[in-house]
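Peer 1: Sequence and predicted structure, then a few things I'm wondering about:
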Amino acid sequence: MKKGFLGPIKKENQSQKENDTKEEEKTTVKILETPKPTGAIPKVRDVPGKKRRRTRSMGSSLSPSPGRGFFVPGYNAGGSSSSMSLSELMDASKGMKGLTNMALAHEIAVDKNFSLTKIQPENEIEKQIKEIMQKAFWDLLKEQLESEPPVYTQAMTLFTEIKAMLYSILLPQHEKLKEKIEGILDIEVIQQQIDAEVLEFDKYAGYILGLMGILCAPVRDDQIAALKQMTEIVPLFKGIMETLEMMKLDMANFTIQTVRGTIEKESKDYERKKFQEFLDTQDDGLGTTREWLIRHAPTQDEIDDPKYKKLLGARILNEAYMEILEWDDYHNLPETLVMDAKRIYALRDKVERASVSTAVILLSFSNLNAFIIPMDSQRVKETVKQHADILLQDFFEDADLLKILPSVAAQVVKDVNDYLTEKNRPVLGDELVKNLTEQLESLEDPNQRIRDLLQKRIVDFCKQLISSTNKSVPQLPPGLTICKNDLGAIAGQFLKLVNYNKEVFGEFYNDIIENHCLFKVEA
């Protein structure tokens, strides 16, 4: 969590300095409004002070989800109204479409577990509306087919959609299958059969299932076989539509896996190119990025000292990256990190949860060690941490802890009492439970000493990792052994994000650092 934003240091006037030599070293701090970006923005220095309590971040990626019917992890649902083909992905045009494709390429490249999933209704009302509309469609189809004579207007709509879905599953080399689909689901021929009253509607289900059996992944074979055993027409076609939706998703994810290597190889140059195209349309497309880097600019003395000169550029960028782990929502994310917004907020939340969770263990066992047999200590700690981590999953802002920490305290007491009962020992006394609960509830304050210290150690560990010139892993900081798995996950994700971001946007950062951080313009 970032400390409160403070304005630049303002020195006392000259007359005060002359009257009192002690005043020469003193400064007063005034809180100012955020300076607007200019050519060379002065460094805004943080002064030691209390952290603000963080409120829930509403930030998210600005890129829309790039596919109809699919949800792209890391992005909001919605967006483009048409499907995105792979050729569109790698041959993006300027404008929103180009930015959307860049976002998708970025997501595939940085997330090895990336996959598309079906969009789900956002709330219960939307879910109910969708169910009502679908039920109305199938009820009307059943009613029309059972009427005398049968009516096929709904059936024609269904055939048209099935044909389009089958086409969407095909790869470019599937020319013969495309011809086969066209021959079986020729809408004009079907209409002629309807007009001549010779349409055998149920037989078309068999033709369609045959095509699906050719196109589907092995994982769908059992579903196709089950559909072939169905005799009721409307449930059968309903099952066909549901299976086709899953097949579309299978094919999309198969295509992503097939070209993942190519995307990872070319995505950095691709993103850099698309970002430059974005900058070409803006008056100042790097204003927030510049402010971000300038917040970490060195002092004039450091700039003038030759022994620091070669190290300052890397130090500025590394310190700027460290801000990510404690991102203060007072600031907008840099333009170069917007696509990683959800990843950044998730990392920040993991850092906060890890520090609180570890603080729970340290505080608890500083009070309870005397009650635990030394050889059992690690096992009990792991049990307590596992349960605390589950409760802390709902921790997104400091106010959440007001409700969560009392439950955490109760769970710690229960876990320890269960252990003591197992060992035929008396349970914890009321006074001890009361004191322990009060101490654990104090962790709601981000400035609580133990919580703050642990969070600093987590952040410092990550800083050593991205600043190191060799591949050795820094030594685990004191007190963090119990959360080493959490720390490893945080550090690994952070390192990958930083390294990728440096490779894509390094030249933009170097230009800003050289011209705005290391080159000072006199006011």
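Peer 2: Here it is on my side, so go on. Numbering: from 1, shown residues only.
Peer 1: if I pick the closest residue to residue 483 other than its chain neighbours, what's in contact with it?
Peer 2: Across the structure, with C-beta to C-beta, 6 or more residues apart in numbering as the measure, the residue nearest residue 483 apart from its sequence neighbours is residue 358 (4.6 Å). Every residue, glycine included, has its C-beta placed from N, CA and C. With contacts defined as C-beta atoms under 8 Å, 6 or more residues apart in numbering, residue 358 is in contact with 385, 454, 479, 480, 482, 483.
Peer 1: And the next helix or strand past the host helix or strand of residue 138?
Peer 2: Under the criterion of DSSP states H and E, residue 138 resides in helix 124-146. For helix 124-146, the succeeding helix or strand toward the C-terminus, using DSSP H and E, is helix 153-169.
Peer 1: Drop anything exposed from the contacts of residue 358.
Peer 2: Buried members of the contacts of residue 358, scored by 16 or more other C-beta atoms under 10 Å, are 385, 454, 480, 482, 483.
Peer 1: Would you mind giving those residues as a markdown table with pLDDT added?
Peer 2: A markdown table is the format used below for the buried ones among the contacts of residue 358 (pLDDT from 0 to 100):
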| residue | pLDDT |
| --- | --- |
| 385 | 93 |
| 454 | 94 |
| 480 | 89 |
| 482 | 90 |
| 483 | 90 |
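Peer 1: just the strands in the chain please.
Peer 2: Listed from the start of the chain, the chain has strands (DSSP state E) covering 9-11, 27-29, 70-71, 117-118.
Peer 1: Against which helices or strands is the last one packed?
Peer 2: In this structure, strand 117-118 makes packing contacts with strand 70-71, helix 233-280, judged by 3 or more C-beta pairs under 8 Å, 6 or more residues apart in numbering; DSSP states H and E.
Peer 1: Pick the most buried one from these.
Peer 2: For the helices and strands packed on strand 117-118, average neighbour numbers computed from mean count of other C-beta atoms under 10 Å are highest in strand 70-71, which has a mean of 18.
Peer 1: Tell me the buried residues in stretch 167-175?
Peer 2: Of the residues in stretch 167-175, residue 169 count as buried by neighbour count, 16+ other C-beta under 10 Å.
Peer 1: So what's the gap between it and the chain middle?
Peer 2: 32 Å (C-alpha atoms, centre = their mean, to the nearest Å).
Peer 1: I'd like the average pLDDT over it.
Peer 2: Stretch 167-175 carries an average pLDDT of 82.
Peer 1: Please enumerate residues in contact with that stretch?
Peer 2: Stretch 167-175 has contacts (C-beta under 8 Å, 6+ apart) with 83, 177, 178, 181, 215, 244, 247, 248, 251, 255.
Peer 1: Turn the buried ones among the contacts of residue 358 into JSON lines, including distance to residue 187.
Peer 2: What follows is those, written out as JSON lines (distance: C-beta to C-beta, whole Å):
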{"residue": "385", "distance to residue 187": "62"}
{"residue": "454", "distance to residue 187": "66"}
{"residue": "480", "distance to residue 187": "65"}
{"residue": "482", "distance to residue 187": "65"}
{"residue": "483", "distance to residue 187": "61"}
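Peer 1: Among those, give me the pair with the biggest separation.
Peer 2: When C-beta to C-beta is used, the two most widely separated members of those are 385 and 454, lying 13.0 Å apart.
Peer 1: where are the low-confidence patches of the stretch 51-200 of the chain?
Peer 2: Under the criterion pLDDT under 70, the flagged ranges of the stretch 51-200 of the chain are 51-102.
Peer 1: same check, this time on the stretch 351-500 of the chain
Peer 2: In the stretch 351-500 of the chain, no residues with pLDDT under 70.
Peer 1: Now do the helices in it.
Peer 2: Taking DSSP state H, counting those that start in this stretch as the criterion, the stretch 351-500 of the chain contains helices spanning 377-391, 401-422, 430-441, 449-467, 484-512.
Peer 1: Which residue is the nearest non-sequential neighbour of residue 510?
Peer 2: What sits nearest to residue 510 in space, not counting adjacent residues and going by C-beta to C-beta, 6+ apart, is residue 313, at 6.9 Å.
Peer 1: can you list the helices of the stretch 351-500 of the chain in CSV and add distance to residue 118?
Peer 2: Converted to CSV, those look like this (distance: least, C-beta to C-beta, whole Å):
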stretch, distance to residue 118
helix 377-391, 28
helix 401-422, 32
helix 430-441, 41
helix 449-467, 35
helix 484-512, 26
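Peer 1: Indicate which one of those helices is closest to residue 189.
Peer 2: With C-beta to C-beta as the measure, helix 484-512 is the member of these nearest residue 189 (52.4 Å).
Peer 1: and the closest one with helix 377-391, angle?
Peer 2: When axes from the mean of the first three to the mean of the last three C-alpha atoms, to 10 degrees is applied, the directions of helix 484-512 and helix 377-391 differ by 60 degrees.
Peer 1: List the buried residues of helix 484-512.
Peer 2: Buried positions in helix 484-512, judged by neighbour count with 16+ other C-beta under 10 Å: 486-487, 490-491, 493-494, 497-498, 500-501, 504-505, 508-509, 512.
Peer 1: just stretch 318-335 next, same as before
Peer 2: When burial is assessed from 16+ other C-beta under 10 Å, stretch 318-335 yields the following buried residues: 318-329, 333-335.
Peer 1: Kindly report the same for stretch 383-394.
Peer 2: For stretch 383-394, burial by neighbour count (16+ other C-beta under 10 Å) applies to 383, 384, 385, 387, 388, 389, 391, 392.
Peer 1: In contact with the fifth one, which residues are there?
Peer 2: Remark: with contacts taken as C-beta under 8 Å, 6+ apart, residue 388 is in contact with 357, 360, 361, 408, 411, 412.
Peer 1: Quick check: the first one touching residue 392?
Peer 2: Okay, so that is residue 357. Yes: taking C-beta atoms under 8 Å as the contact criterion, residue 357 and residue 392 are neighbours in contact, 5.7 Å apart.
Peer 1: Contacts for stretch 208-225, please.
Peer 2: When contacts are defined by C-beta under 8 Å, 6+ apart, stretch 208-225 is touched by residues 162, 166, 169-170, 177, 180-181, 184-185, 227-228, 239-240, 243-244, 246-247, 250-251, 254.
Peer 1: Kindly recompute the last result at 10 Å.
Peer 2: The contact list for stretch 208-225, computed with C-beta atoms under 10 Å, 6 or more residues apart in numbering, reads 159, 162-163, 165-166, 169-171, 174, 177, 180-181, 184-185, 227-228, 230, 236-237, 239-240, 242-244, 246-247, 250-251, 253-254.
Peer 1: That one - what's its average pLDDT?
Peer 2: Along stretch 208-225, the predicted confidence averages to a pLDDT of 87.
Peer 1: got the CA coordinates for stretch 222-239 in PDB?
Peer 2: As requested, the backbone C-alpha atoms of stretch 222-239 are provided in PDB (Å, rounded to 0.1, in the frame of the first residue of the first chain):
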ATOM      1  CA  ASP A 222     -19.300 -39.200 -25.300                       C
ATOM      2  CA  GLN A 223     -21.600 -36.200 -25.600                       C
ATOM      3  CA  ILE A 224     -22.100 -36.800 -29.400                       C
ATOM      4  CA  ALA A 225     -22.800 -40.500 -28.700                       C
ATOM      5  CA  ALA A 226     -25.400 -39.500 -26.000                       C
ATOM      6  CA  LEU A 227     -27.100 -37.200 -28.400                       C
ATOM      7  CA  LYS A 228     -27.400 -39.900 -31.100                       C
ATOM      8  CA  GLN A 229     -29.400 -42.000 -28.600                       C
ATOM      9  CA  MET A 230     -32.000 -39.200 -28.000                       C
ATOM     10  CA  THR A 231     -35.400 -39.600 -29.800                       C
ATOM     11  CA  GLU A 232     -37.200 -36.400 -28.700                       C
ATOM     12  CA  ILE A 233     -36.600 -33.800 -31.400                       C
ATOM     13  CA  VAL A 234     -36.600 -30.500 -29.400                       C
ATOM     14  CA  PRO A 235     -34.300 -31.700 -26.600                       C
ATOM     15  CA  LEU A 236     -32.000 -33.300 -29.200                       C
ATOM     16  CA  PHE A 237     -31.600 -30.000 -31.100                       C
ATOM     17  CA  LYS A 238     -31.200 -28.200 -27.800                       C
ATOM     18  CA  GLY A 239     -28.400 -30.600 -26.900                       C
END
